[in-house]
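S.K.: coords below, sequence missing:
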(Lines give C-alpha, C1' and ligand atoms only; values in the text may rest on other atoms or scores of the structure.)
Protein backbone atom coordinates (compact mmCIF):
# COMPACT_ATOMS: atom_id res chain seq x y z
CA UNK A 1 0.00 0.00 0.00
CA UNK A 2 1.10 3.56 -0.73
CA UNK A 3 0.07 6.55 1.35
CA UNK A 4 -0.49 9.81 -0.53
CA UNK A 5 -0.92 13.25 0.99
CA UNK A 6 -3.96 14.66 -0.77
CA UNK A 7 -5.65 18.06 -0.94
CA UNK A 8 -9.09 19.10 -2.17
CA UNK A 9 -9.99 22.29 -4.03
CA UNK A 10 -11.04 23.88 -0.69
CA UNK A 11 -7.56 23.32 0.73
CA UNK A 12 -8.36 20.45 3.09
CA UNK A 13 -5.38 18.14 3.59
CA UNK A 14 -5.93 14.44 4.15
CA UNK A 15 -4.29 11.08 3.54
CA UNK A 16 -5.27 8.32 1.16
CA UNK A 17 -4.01 4.75 0.87
CA UNK A 18 -3.81 3.04 -2.53
CA UNK A 19 -2.32 -0.17 -3.86
CA UNK A 20 -0.28 1.78 -6.45
CA UNK A 21 0.10 5.17 -8.08
CA UNK A 22 -1.93 3.85 -11.03
CA UNK A 23 -4.68 2.79 -8.62
CA UNK A 24 -4.84 6.35 -7.24
CA UNK A 25 -4.91 7.83 -10.77
CA UNK A 26 -7.69 5.45 -11.83
CA UNK A 27 -9.85 6.08 -8.76
CA UNK A 28 -9.32 9.83 -8.84
CA UNK A 29 -10.14 10.16 -12.55
CA UNK A 30 -13.33 8.14 -11.93
CA UNK A 31 -14.39 10.53 -9.14
CA UNK A 32 -14.06 7.86 -6.45
CA UNK A 33 -11.66 9.86 -4.27
CA UNK A 34 -13.35 12.56 -2.18
CA UNK A 35 -12.47 14.91 0.67
CA UNK A 36 -13.57 13.56 4.07
CA UNK A 37 -14.21 17.13 5.26
CA UNK A 38 -16.30 18.67 2.47
CA UNK A 39 -16.99 15.83 0.03
CA UNK A 40 -15.29 17.50 -2.94
CA UNK A 41 -14.04 15.09 -5.58
CA UNK A 42 -11.57 17.58 -7.05
CA UNK A 43 -8.49 16.06 -5.45
CA UNK A 44 -4.77 16.49 -6.12
CA UNK A 45 -1.67 14.95 -4.62
CA UNK A 46 0.17 17.25 -2.24
CA UNK A 47 3.92 17.57 -2.20
CA UNK A 48 5.37 14.82 -0.06
CA UNK A 49 8.80 14.21 1.32
CA UNK A 50 10.08 10.79 0.32
CA UNK A 51 9.80 8.14 3.00
CA UNK A 52 13.27 6.76 3.62
CA UNK A 53 13.72 4.34 6.50
CA UNK A 54 16.84 4.53 8.57
CA UNK A 55 17.43 3.09 12.00
CA UNK A 56 17.07 6.57 13.52
CA UNK A 57 13.99 7.65 11.52
CA UNK A 58 11.98 4.57 12.54
CA UNK A 59 11.68 5.91 16.09
CA UNK A 60 10.58 9.43 15.09
CA UNK A 61 6.92 10.41 14.79
CA UNK A 62 5.83 12.14 11.58
CA UNK A 63 4.24 15.29 13.03
CA UNK A 64 2.41 16.16 9.82
CA UNK A 65 0.76 12.73 9.78
CA UNK A 66 -0.20 12.98 13.45
CA UNK A 67 -1.74 16.43 12.92
CA UNK A 68 -3.63 15.22 9.85
CA UNK A 69 -4.94 12.18 11.73
CA UNK A 70 -5.94 14.36 14.69
CA UNK A 71 -7.84 16.76 12.42
CA UNK A 72 -9.63 13.85 10.78
CA UNK A 73 -10.53 12.31 14.15
CA UNK A 74 -11.82 15.66 15.45
CA UNK A 75 -13.89 16.08 12.29
CA UNK A 76 -15.40 12.61 12.73
CA UNK A 77 -16.12 13.23 16.43
CA UNK A 78 -17.82 16.52 15.53
CA UNK A 79 -19.99 14.70 12.97
CA UNK A 80 -21.02 12.15 15.61
CA UNK A 81 -21.83 14.88 18.12
CA UNK A 82 -23.76 16.90 15.53
CA UNK A 83 -25.81 13.84 14.60
CA UNK A 84 -26.65 13.20 18.27
CA UNK A 85 -27.69 16.79 18.96
CA UNK A 86 -29.77 16.91 15.76
CA UNK A 87 -31.68 13.73 16.66
CA UNK A 88 -32.00 13.94 20.44
CA UNK A 89 -33.58 16.25 23.00
CA UNK A 90 -31.39 18.47 25.18
CA UNK A 91 -32.78 18.03 28.69
CA UNK A 92 -29.95 20.00 30.33
CA UNK A 93 -29.56 19.49 34.08
CA UNK A 94 -32.59 17.16 34.10
CA UNK A 95 -30.53 14.50 32.33
CA UNK A 96 -30.17 12.06 35.28
CA UNK A 97 -33.90 12.29 36.08
CA UNK A 98 -35.01 11.90 32.44
CA UNK A 99 -32.56 9.02 31.81
CA UNK A 100 -34.00 7.16 34.82
CA UNK A 101 -37.59 7.77 33.68
CA UNK A 102 -36.79 6.33 30.25
CA UNK A 103 -34.87 3.40 31.78
CA UNK A 104 -37.72 2.46 34.12
CA UNK A 105 -40.43 2.94 31.46
CA UNK A 106 -41.93 6.04 33.08
CA UNK A 107 -41.26 8.16 29.98
CA UNK A 108 -41.25 7.48 26.26
CA UNK A 109 -38.08 5.99 24.83
CA UNK A 110 -36.20 8.72 22.99
CA UNK A 111 -32.72 10.08 22.54
CA UNK A 112 -31.70 12.65 25.12
CA UNK A 113 -28.55 14.47 26.13
CA UNK A 114 -27.69 16.91 28.87
CA UNK A 115 -25.54 17.48 31.90
CA UNK A 116 -24.68 15.29 34.87
CA UNK A 117 -22.12 15.40 37.64
CA UNK A 118 -19.56 12.63 38.01
CA UNK A 119 -21.51 11.26 40.99
CA UNK A 120 -24.79 11.30 39.02
CA UNK A 121 -23.12 9.44 36.15
CA UNK A 122 -21.72 6.82 38.52
CA UNK A 123 -25.17 6.34 40.08
CA UNK A 124 -26.81 5.95 36.65
CA UNK A 125 -24.22 3.37 35.58
CA UNK A 126 -24.66 1.42 38.84
CA UNK A 127 -28.43 1.33 38.20
CA UNK A 128 -27.85 -0.12 34.74
CA UNK A 129 -28.98 2.99 32.84
CA UNK A 130 -27.25 2.95 29.47
CA UNK A 131 -25.51 6.27 28.90
CA UNK A 132 -22.46 7.49 27.01
CA UNK A 133 -20.50 10.74 27.26
CA UNK A 134 -20.73 13.27 24.45
CA UNK A 135 -17.33 14.23 23.04
CA UNK A 136 -16.04 17.61 24.21
CA UNK A 137 -14.00 19.13 21.40
CA UNK A 138 -11.38 21.92 21.40
CA UNK A 139 -13.79 24.28 19.60
CA UNK A 140 -16.21 23.96 22.54
CA UNK A 141 -13.89 26.07 24.72
CA UNK A 142 -13.77 28.93 22.19
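M.R.: Nice, thanks for sending it over. Quick caveat: nothing in here was measured; it's all calculated off a predicted structure. Numbers count the residues shown, from 1 in each chain.
S.K.: what about the lengthiest helix in the chain, average pLDDT?
M.R.: Across the chain, the helix with the greatest residue count (assigned by DSSP state H) is helix 63-87. With pLDDT averaged residue by residue, helix 63-87 scores 83.
S.K.: got the contact list for that helix?
M.R.: Defining contact as CB atoms under 8 Å, 6 or more residues apart in numbering, one finds that helix 63-87 is touched by 5, 13-15, 36-37, 111, 113, 134-135, 137-139. To be clear about C-beta, it is placed using only N, CA and C from the backbone, and glycine gets the same treatment.
S.K.: Max pairwise distance over these: which two?
M.R.: Pairwise distances among the contacts of helix 63-87 were taken by CB to CB; the largest, 37.9 Å, belongs to 5 and 111.
S.K.: Of these two, which one has the most company?
M.R.: residue 5 (16 against 11; other CB atoms under 10 Å).
S.K.: Does the more buried one touch residue 17 like I think?
M.R.: No. With contact defined as CB atoms under 8 Å, residue 5 and residue 17 do not form a contacting pair (11.3 Å).
S.K.: From residue 83, how far out is residue 36?
M.R.: In this view, residue 36 and residue 83 are 15 Å apart by CB to CB, to the nearest Å.
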